[in-house]
Structures are given as C-alpha cells and as structure tokens.
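A.B. asks: Using only what follows, build the 3D model:
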Amino acid sequence: WLGWGWGNRRRVQDRGGLVEGDELYPEVSTTYEYLAWLNQQNRAHHEAIRRVEAEQRRLMELQNLFIHIGKKWSSMALVQLSRELRILANTLIKHGEDRRKTQALTLNLLRPLIHKVIPGASVKVYGSFATGLNIPSSDLDLVVGVQGGPISSPNFYLQTISKALHNEPWISNLKYLPHASMPLIKAVATPSPASSSIQIDLSFQTSNHRGLTVVSLMKTLAISHPELIPLGLVLKYYLAKQGQGMNDPFQGGLTSYGLILMLVATLKLLKELRRQFGYTFLSPSAPDIANATNLMGINKNSEAMDLGKALIVFLEVYSTIFSPSEDIVEACPPSTSSPSPSPLWMSYIRRGAKRESVFESDGVAIVDPTDSTHNIARSAYNFPLVHSSFKSALQRLEKAAPEVCREGSSFQDVDSKVYNCTSKKSESSFRRNKELPLLEAVFGQGGIGLDVDTSTTTQR
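C.D. replies: Okay, here's the model as predicted:
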C-alpha cells in the first residue's frame, strides 16, 4: 500500500493532476501530504485501541469490585443497612424541620435590618437549608441581591451590613471576611431566648456567585436520584461527626457541595451501568429479599437494598479505587451532540485525567457543573483525611456486618449483637442507638449521637 502511495504521489507530481485510484484520497496532492495523512490515520487507530483497552480495564475493575462486594454482603445485611440509613435520614430530616423554626425567626429579624440600610435589597436562602440537605450543624447560607442585578464588588455593602449587625443583641461572634474567595459575613444568630443558635453565612449576589444556580441543580438531581437526599444527609452528618475540620472548607475540608457531587457521580455510575449492561449490581433470589424485608419490616416494593448498595459502592470507590492525585470527579459531564470518545459511565470518575487538565496541581479535583473550569475542592488540602476516613468506615462496616447479620438472624437478634461490633461505646450510646448497629460501626468511636426516629422507616 505504501509503495502504491509513493508511486501515485510521484505521478501526481509529474503530471500535475490526479490519476485513477486517487479519488480515494482527493485531498492528498503530494507525497508529503499523503504521509502526513497516513500518520494521522495510524495515530487515530492507535488512540482508538487505547480507548477500548481503557474501557475494558475500567469495566473489569468495576466487575471485580461488584463481585468482591457480592461475596461479602448478604441480602440480610443489605436490607438492614438500607433500613438504618432510612431511619437516620428521617431523624436528620426531623431535626432539620425543627431548625427551620430558628431559620424563620432569624430571617424575620434580618430582612428588615438589611432593607433599612440597603433599600430594595432581597435576601434569599441557598445552600443546604434550600436543598433539604441541612444537618444539625449546618450554617444558614444567605445571599443578598440589590436592584440592578449582580454587583462587581460587594465589600461596601458587606461593611454596611456588618456595622448594622454589630450592635444587635441577637448577633454574636460577628466576623467580616473581605479577603475570602467569596467575601462574606459570618455570625451566630440567637433570634429569641427560647430558640437555639444558628450560624449565618451572608454574601452578596455577584456575577460569579453560583449559590442559587446550585440550589436549582441539586433539586433537579434529587428528583432523578431518590437516594441522593437520604444518603447525602447521612454522609454529611458522618463527616461532621468525624471532626478535624473534614467538612469545613476554611480548615481545608471538603465542602458539602463537593461531597454531594461525589455521591451523584456514584449514583449516576450505577444507573448508567444498569442501563447499558443490565447490571443490577447484586441479584439475590427473590425469596431471600422477601425474607429479609419481612424480617426488617420494610415494604418490599420500596427497593429495599438500594440505599445500602449505593453507600457500599460509594465507600468502596472513594476509599479503594479513586486516586485524588490522578482522577477527576465530574458528576455532570457536558452533553454533546457528537459521539463521545468514551462511554458515559467512564465520564463520572475520569481515571488518570487529572494529569492532563487545568486541575493538575490541585490536591483533589471535583468539577463544578455550573463552571467546568472551577474545581470545587481546590482548597480541600485536608482531603487525605476524608479519604482515610472513608476507608476506615468501610473497614468497620465490613467487620460489623457478618456479626450483626449472620445467616438465620432475625431483626430482634440484631440488638443483642451491636455492642460486640462497635468499639469503645458507652452503654448509654449502645442503648440509645440499638436500632442502628451497622451505622454505629460506620461512625466509629464518637458514635451517631442522636436519638433516632424509627416511626417512618419505609420512607426514602
């Protein structure tokens, strides 16, 4: 073929035109162009081979992961874990509803004060209180907008509000942070003597403030992925209970937004694998599921094991597979009309992509769906603590599950086994959370620390 090409190119040069056979390559008119075209085709061919090999390696990696999980986890354990996740999520939702009373009282005091110093200003809630992902320690995130739309520099307005708040008796620990990546006011509000206190983070609507856009995105994702709210609440609460600033971006921790996007990437991965390959992850027999759900008091039509499966895959992926120095989390990859060079299920956690991206120097990369050039976790220099914490939680869970959910166990048997599966718990903690033996193991030494509500275990 190469010899034919050389001959034809020479004849093209000699005769100044195309000869029979050259209609296959009408754009090629010289030997140099022909060789360049041939090299380009070879590169494309080898790149296609590399992509296929990468897909095969990735799929084999996931298959091995699921086989590993399938061997370790019984139907009973999965249903028990899902049940506990629902119980804790419902408890956190109830606490969140109680906190909303404090939120409403705070807004009733704050809005008139801001309207007084900045006439016509709007005060809107964003963040976890707006998405339903607020836990007991969540801040109340507020964004102030002025007439005329977003402003370029909020510092004058923030100073004005800070001065107005300074003498308010219901405000304490007031801090104005003009040099933060997003200038803001932090304060603690106690709107009435009978109410609890709440941390306020107040910022201004600027051109790069994405808070309200993110709220809309999270609500859309929650509709598409029913597991997002219960699992997101439990994971947020878990990081908060671990301490060491793991959930505080001002201490190098992971933002709630980043954590939720990591979870979304996992849920989308599982959904896409089921869609493309019919992968149901684990397929225990119908009688096994029925027996387990009957013992746990769960409606078998509620996809009883989904929450447990998703949590296990999340912990496995981010403790054993995900490499912060090499991989990128992109929960919402951009849609394209042209065929994707790699399947969608490979796009949510892009293996090895960090080295060739704008995020190469960052400790961990989680792409912001509202701005693909923005790394949500850029300031998370303590992400190794989070990474290690997920690994420890998985190890504790794997150790507890066989003891709690032995073959032939009933739900009543679980209570008597929890103390042997959790380390260094006080007797009072053991009694209070006997409904959640597996999650007690996940949370570790500090325990869950909440009186759980078991009245609505079938809700998502």
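A.B. asks: Go over the secondary structure and confirm Q199 is in a strand.
C.D. replies: Yes - counting by DSSP: H, G, I helix; E, B strand; the rest coil, Q199 is part of a strand.
A.B. asks: On the pLDDT front, check it for me.
C.D. replies: We have a pLDDT of 92 for Q199.
A.B. asks: That one pairs with what?
C.D. replies: Beta-bridge partners recorded for Q199 (DSSP bridges): V188.
A.B. asks: and what of the one 5 residues further on?
C.D. replies: When bridges are taken as DSSP bridges, the partners of F204 come out as V144.
A.B. asks: what's the neighbour count on it?
C.D. replies: Using other Cβ atoms under 10 Å, F204 has 25 other residues around it. Quick note: C-beta positions are derived from backbone N, CA and C, even for glycine.
A.B. asks: Then the one 4 residues further on?
C.D. replies: Using other Cβ under 10 Å, the number of residues around N208 comes to 11.
A.B. asks: For it, which three-state class applies?
C.D. replies: coil.
A.B. asks: Distance-wise, check it relative to K271.
C.D. replies: N208 is 31 Å from K271, where distance means Cβ to Cβ, to the nearest Å.
A.B. asks: try L38
C.D. replies: From L38 to K271 the distance is 42 Å (Cβ to Cβ).
A.B. asks: Surely E316 touches L394?
C.D. replies: Yes - here E316 reaches L394: they are 6.6 Å apart, a contact under Cβ atoms under 8 Å.
A.B. asks: Would you map the helices across this protein?
C.D. replies: With helices called from DSSP state H, the chain shows them at 2-15, 31-72, 75-117, 128-131, 155-166, 211-224, 228-242, 256-277, 286-296, 306-316, 383-404, 411-421, 427-432, 437-443.
A.B. asks: tell me the most buried of the ones you listed?
C.D. replies: helix 437-443 (a mean of 25; mean count of other Cβ atoms under 10 Å).
A.B. asks: Mind giving me the packing neighbours of it?
C.D. replies: Counting contacts by 3 or more Cβ pairs under 8 Å, 6 or more residues apart in numbering; DSSP states H and E, helix 437-443 is packed against helix 75-117, helix 228-242, helix 383-404, helix 411-421.
A.B. asks: per-stretch mean pLDDT over those helices, give me the minimum one.
C.D. replies: Minimum mean pLDDT among these: helix 411-421, a mean of 44.
A.B. asks: residues in contact with the closest residue to F359 other than its chain neighbours?
C.D. replies: Sequence neighbours aside, A365 is the residue nearest to F359 in space, at 3.8 Å (criterion: Cβ to Cβ, 6 or more residues apart in numbering). Counting by Cβ atoms under 8 Å, 6 or more residues apart in numbering, A365 makes contact with 324, 327-329, 354, 357, 359, 375, 377.
A.B. asks: List only buried entries from these.
C.D. replies: 324, 327-329, 354, 359, 375, 377 (16 or more other Cβ atoms under 10 Å).
A.B. asks: Show me which pair in the residues you listed is furthest apart.
C.D. replies: D327 and N375 (12.8 Å; Cβ to Cβ).
A.B. asks: Would you report the backbone torsion angles of G243?
C.D. replies: Main-chain dihedrals, G243, degrees, to the nearest 10: phi 70, psi -160.
A.B. asks: do the same with the one 4 residues further on
C.D. replies: N247 has phi and psi values of phi -110, psi 10 when expressed as degrees, to the nearest 10.
A.B. asks: Just give me the neighbour total for it.
C.D. replies: The number of residues near N247, taken as other Cβ under 10 Å, comes to 25.
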